[in-house]
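> give me coordinates for this.
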Amino acid sequence: MTKPHSDTHVRESVHDGPLGLADPTDDRSNCGVGAVIDLENSASHAVVSDAIDLLENLEHRGTTGAEENTGDGAGIMIQRPDSFFASDVGDLPAQYAVGSVFMPHDEAVQSELRDVFESTLNEYGLDVFYWRDVPTNNSDLGKTALDSEPVTVQPFVTPQDDSLEPDAFDRALYIARRAVETEAETIDGAGRFYICSLSRKTLVYKGLLKGEQLREYYLDLQDERMESQLVLVHARFSTNTLGAWHLAHPYRNVIHNGEINTIRGNVNWMRARESALQHDAFGEEIETLKPITVADQSDTASVDNVVELLLNTGRELPHVLRMLIPEAYENDHLMDDDRRDWYDYHASLVEPWDGPALVAATDGDKVAAVLDRNGLRPCRYDVTTNGRLIVASEAGALETDPSEIKERGRLQPGQIFMADPDAGRVIPDAEVFDGLLDDKYGEWVADQQVDLGSIAGESYIPQADVSSLRAHQAAFGYTTDQLNHLLEPMANQGKDPVGSMGDDTPLSVLSEFNRPLFTYFKQLFAQVSNPPIDYIREELVTSLQSRLGAQQNLLDETRIMHTNSC
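Okay, the predicted model is just below:
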C-alpha cells in the first residue's frame with residue numbers, strides 16, 4: 001500500500017545520495033489519474049476528501065518545475081454540490097448550471113469579460129443570475145504559478161424557459177460557451193480567460209498546482225458541505241506542452257495519462273470533416289462550435305473537445321470512448337463478429353486516437369475508463385465492502401484495509417469498464433458492449449464496405465528490358481545504397497534490413513538532386529516502447545489498414561461508408 005503523503009518523501013535506496021545528476025529519491029513517472037465513486041450510498045464529503053487523499057498519494061506521478069512549490073498541474077472534478085451552493089448563494093432555481101472560469105486580474109478587462117459572458121449567454125436563452133468569487137489561498141505557490149495565476153469565479157446560469165429539456169439546456173450551455181470563447185479572443189488583456197467547466201452536472205477546480213496544494217489552494221474543498229458521489233482527480237506530468245493553469249486536468253469530461261501520438265493527424269482530420277458536420281439539434285448553430293478542436297492546447301484537451309461534441313449529439317459515454325480509442329480488432333480472430341462489425345463500421349467514421357493512453361471520463365452521472373490497445377498505461381481498481389470504488393493509475397493509491405476489499409481488478413489492453421452509481425456496480429467490458437451492438441452495423445459493413453483485396457485482379461509484371469533497368473531505378477529514385485543495403489538483403493535473405501535511427505539525408509526540398517515525390521513527405525515519429533513495437537511479430541495490436549472514400553457526417557449514423565483498402 002502507498003503510505004499517505006507527507007511533506008518529506010523517503011524511501012530505501014541502494015544509494016546513499018544522488019548518483020551523478022540523478023537523485024534516486026526524486027521519483028517521476030507519468031500523470032496520476034484517479035477516481036473515487038460511492039456505488040451504494042449518496043453524495044458525501046468523504047468521497048471528495050478521499051479523492052484528494054488519493055491525489056496527494058499520487059504526488060510522485062506529477063512533475064515539479066525548477067521551483068519546488070510549482071507543480072505542472074492538478075485538479076478535481078466533482079458533481080454539482082447543491083447543498084454547498086444553497087448555503088452560500090441562497091435559493092437556487094430548479095434547473096441551473098454552474099461554471100468555473102479563470103479571469104485576468106485587471107478589473108476593467110474582467111468587467112468587460114463578464115458583460116460579454118452574460119450578453120452572449122442571453123442570446124442563447126440563458127441568464128447569469130449570480131457571480132461567485134471563489135476563495136483561494138496562494139501563500140504556498142511558487143513564483144511561476146503566482147505570475148500566471150488567474151482569478152477564479154463561478155457564474156450561475158439558468159434557462160430563460162423553465163420548461164427547457166435538460167438535454168436542450170446542455171446543448172445551449174455548450175454552444176454559448178463556445179461563442180463566449182470566440183468573442184473573448186477579440187478582447188485585449190483577456191489572455192488568462194478560460195472556462196474550465198460550465199455544466200448543470202459537474203464542476204472543476206484545477207490549476208498550476210501540485211496535488212498536495214489543491215486542497216489548501218481552493219478553500220471550498222475543505223468545506224464539509226462540499227459533497228459528491230463521484231470524483232475524478234489528476235496530477236499532471238506534461239509530455240508535449242508546458243504546464244499552465246488552463247492545461248491542468250480535469251477538462252470538461254476527461255482526465256488522461258499518456259500521449260496521443262496520432263494527435264496531429266486526428267486534429268487535421270477533425271478540421272477536414274467540419275464542413276460535413278450536421279445535427280438537427282444544433283441546426284445552423286453548428287458553425288458556432290467550429291473549430292471543434294482549438295489550436296495551442298494539449299492532446300488531452302483535443303480529445304476532450306471531441307468527447308464533448310459527441311456527448312452533446314446523443315451518443316452515450318462508452319460509445320464515444322470506444323469510437324475514439326478502439327481495441328485491437330483487425331487481427332483478433334477470437335472476437336465476436338458483432339463487436340468486430342461495430343468497430344469496422346466506426347473505423348470508417350472516425351480515425352483512432354492512438355497512443356499509450358489511459359482515458360477516464362464522466363458525463364456527470366457515470367464514469368468510464370478505457371485503456372489503449374497495447375495496454376501501455378496502467379489502471380487498477382478496488383471495490384470495497386461498503387460500496388466504495390477506487391480507480392487509479394497504480395495499486396494502493398488510497399490506503400484501504402485488505403479485509404475491506406471485495407473486488408480487485410485492472411483494465412486490460414483495449415478494455416473498457418463503466419462505474420454506474422445508479423446501478424450500484426462496475427459494469428464490465430462485455431456488458432458495456434451489449435448496449436452498443438446492433439445488427440445494422442454488420443449489415444452496413446457487408447452492404448457498403450469494399451475490400452480492395454477481394455476485387456483486385458492478377459498482378460501485372462511488365463517485361464522490361466534488363467538493359468534499361470538501371471534507368472528505371474534512377475527514374476523512380478532508387479539509390480545504390482538502397483539497392484545494396486535495403487533491397488538486396490530482403491531479396492536474398494528474406495529479412496528486414498537493419499540500420500540506425502539517424503538520417504543525415506538532406507530534406508528533398510533542399511537537395512541538389514531530383515527526388516521522388518513521396519520523399520517530400522516525412523512521417524512524425526514517436527517511440528513509445530523499448531524495444532520498439534514490431535508490427536509483424538505483434539500483428540495482433542497493429543494494423544496497416546487504410547480507408548478511402550468520402551468523409552461522412554460524424555454526428556450521424558448512416559448506411560453510407562468509406563471504401564476499405566488493405
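> rest of the way, CA atoms for contacts and neighbours
Fine.
> now T182: which helix or strand?
Using DSSP states H and E, the element containing T182 is helix 166-184.
> which helices and strands sit right next to that helix?
helix 107-123, strand 194-199 (3 or more C-alpha pairs under 8 Å, 6 or more residues apart in numbering; DSSP states H and E).
> can I get that helix in CSV, CA atoms only?
Extracted in CSV, the C-alpha atoms of helix 166-184 (Å, rounded to 0.1, in the frame of the first residue of the first chain):
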residue,chain,number,x,y,z
PRO,A,166,-32.2,19.0,-19.7
ASP,A,167,-30.5,17.9,-23.0
ALA,A,168,-31.5,21.1,-24.7
PHE,A,169,-30.1,23.1,-21.7
ASP,A,170,-26.8,21.2,-22.0
ARG,A,171,-26.6,22.0,-25.7
ALA,A,172,-27.4,25.7,-25.1
LEU,A,173,-24.6,25.8,-22.5
TYR,A,174,-22.2,24.1,-24.9
ILE,A,175,-22.9,26.5,-27.8
ALA,A,176,-23.0,29.6,-25.7
ARG,A,177,-19.6,28.7,-24.1
ARG,A,178,-18.0,28.3,-27.5
ALA,A,179,-19.5,31.6,-28.6
VAL,A,180,-18.1,33.3,-25.4
GLU,A,181,-14.7,31.8,-26.1
THR,A,182,-14.6,33.1,-29.6
GLU,A,183,-15.7,36.6,-28.6
ALA,A,184,-13.2,36.7,-25.7
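> where do the strands sit along the stretch 251-400 of the chain?
With strands called from DSSP state E, counting those that start in this stretch, the stretch 251-400 of the chain shows them at 254-258, 357-362, 367-371, 380-384, 388-392.
> export those to CSV and tack on distance to R515 and mean pLDDT?
Listed next are the strands of the stretch 251-400 of the chain as CSV, based on distance: least, C-alpha to C-alpha, whole Å; pLDDT from 0 to 100:
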stretch, distance to R515, mean pLDDT
strand 254-258, 37, 92
strand 357-362, 37, 94
strand 367-371, 41, 95
strand 380-384, 51, 94
strand 388-392, 50, 95
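> highest mean neighbour count out of those strands?
Among these, the stretch with the highest mean neighbour count (mean count of other C-alpha atoms under 10 Å) is strand 254-258, at a mean of 27.
> so what does that one touch, helix or strand wise?
strand 32-38, strand 230-235, helix 299-311, strand 357-362.
> if you set the cut-off to 7 Å instead, what comes out?
Counting contacts by 3 or more C-alpha pairs under 7 Å, 6 or more residues apart in numbering; DSSP states H and E, strand 254-258 is packed against strand 32-38, strand 357-362.
> what residue ranges in the stretch 401-550 of the chain score low on pLDDT?
457-464, 499-503, 522-533 (pLDDT under 70).
> make it 90
417, 428, 435, 447-550 (pLDDT under 90).
> show me where it has its helices.
429-434, 439-448, 452-455, 469-475, 480-482, 488-493 (DSSP state H, counting those that start in this stretch).
> for the last one, which outside residues touch it?
Contacting residues not belonging to helix 488-493 are listed as K495, D496, P497 [C-alpha atoms under 7 Å, 6 or more residues apart in numbering].
> would you list the helices and strands packed on strand 254-258 in TSV and tack on distance to I76?
Below are those laid out as TSV (distance: least, C-alpha to C-alpha, whole Å):
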stretch	distance to I76
strand 32-38	9
strand 357-362	12
